[in-house]
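Undergrad: this one's structure only:
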Ligand SMILES: [Zn+2]
């Protein structure tokens, strides 16, 4: 399933660029001088995920909107990316680029991919580890963690953002950088549905977004 996100993305792009700035940009630079890419966020739904009636397809659409709100701010002023997009369909993974991100959406810890790649204990709501086996970073979140929350889609989006921050920022180093971001919100634990990304969260991710972190796309 590929969920549409064109409308909000277009709105955000215009909000950021502004009408006048966009005209200047287009007329001042030859297109070939600005090699830009689309940052792709893959959130493959695994077996059993949709059997948990926690968010449904309309809820996943909202999760995509929240993700795009965050990543549109992260790539603002980026020399690497001029747009971002998201995919829940696992078949879309074949289009993954060097700097894209993958967060596996699992029904519960029972389905964890990471558990076969690390001796570390799994997080209660999600896990991000560097696999010495695959030499790639595995990011996963568990739908059971949003059960009973009053704002499930916001919470699921926050869990994904939090884990993807680990993915880009500290999964490959043995330091706890994400949890210690000064002025951070969605980067802190425990993660709740009442927090939204702060300017500090966005700034921390902005610094690392163009780094190539190899993503574990395998389902095992
Ligand atoms: Zn964390």
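TA: The structure has been received and is ready for your questions. Since the structure is predicted, the reported quantities are computational estimates derived from the model, not experimental observations.
Undergrad: least confident secondary structure element in the protein?
TA: helix 19-28 (a mean of 35; mean pLDDT, DSSP states H and E).
Undergrad: who's in contact with whichever helix or strand comes after it?
TA: Elements were assigned by DSSP states H and E; along the chain past helix 19-28, the next helix or strand is strand 37-42. Residues outside strand 37-42 that contact it (C-beta atoms under 8 Å, 6 or more residues apart in numbering): 67, 71, 75, 80-87, 92-93, 95-97, 99-103, 164, 209, 215, 217. Yep, even glycine has a C-beta here, placed from its N, CA and C like the rest.
Undergrad: among these, name the ones in strands.
TA: Among the contacts of strand 37-42, the members falling in strands (DSSP state E) are 81, 82, 83, 84, 85, 86, 87, 101, 102.
Undergrad: now, among these, which is nearest to residue 108?
TA: Nearest to residue 108, judged by C-beta to C-beta, of the ones in strands among the contacts of strand 37-42 is residue 102 at 18.9 Å.
Undergrad: next, count neighbours for the closest one.
TA: Other residues near residue 102 come to 25 when the count uses other C-beta atoms under 10 Å.
Undergrad: what of residue 61?
TA: Residue 61: 17 neighbours (other C-beta under 10 Å).
Undergrad: now it, what's its secondary structure?
TA: helix (DSSP: H, G, I helix; E, B strand; the rest coil).
Undergrad: how close does it get to residue 86?
TA: The gap separating residue 61 from residue 86 is 10 Å, by C-beta to C-beta, to the nearest Å.
Undergrad: how about the helices in the protein?
TA: For the chain, applying DSSP state H gives helices covering 6-17, 19-28, 56-74, 152-169, 199-208.
Undergrad: now the contacts of strand 37-42: which count as buried?
TA: Buried by 16 or more other C-beta atoms under 10 Å: 67, 71, 75, 81, 83-87, 92-93, 99-103, 164, 209, 215, 217, out of the contacts of strand 37-42.
Undergrad: what's the closest non-adjacent residue to residue 141?
TA: Excluding the flanking residues, the one nearest residue 141 by C-beta to C-beta, 6 or more residues apart in numbering is residue 126, at 3.8 Å.
Undergrad: ugh, wrong one, I meant residue 211
TA: Excluding its sequence neighbours, the residue lying closest to residue 211 (C-beta to C-beta, 6+ apart) is residue 168, at 6.4 Å.
Undergrad: so the one you found touches residue 101, yeah?
TA: Yes: with contact defined as C-beta atoms under 8 Å, residue 168 counts as touching residue 101 (7.1 Å).
Undergrad: which residues do the two both contact?
TA: Between them, residue 168 and residue 101 share these contacting residues under C-beta under 8 Å, 6+ apart: residue 213.
Undergrad: just list the residues touching residue 80, thanks.
TA: Listed by C-beta under 8 Å, 6+ apart, the contact set of residue 80 reads 36, 37, 39, 99, 209, 210.
Undergrad: so for it, what's the pLDDT?
TA: pLDDT for residue 80: 94.
Undergrad: quick revisit: possible to save the ones in strands among the contacts of strand 37-42 as JSON lines with distance to residue 150?
TA: JSON lines is the format used below for the ones in strands among the contacts of strand 37-42 (distance: C-beta to C-beta, whole Å):
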{"residue": "81", "distance to residue 150": "33"}
{"residue": "82", "distance to residue 150": "36"}
{"residue": "83", "distance to residue 150": "32"}
{"residue": "84", "distance to residue 150": "28"}
{"residue": "85", "distance to residue 150": "29"}
{"residue": "86", "distance to residue 150": "24"}
{"residue": "87", "distance to residue 150": "28"}
{"residue": "101", "distance to residue 150": "27"}
{"residue": "102", "distance to residue 150": "28"}
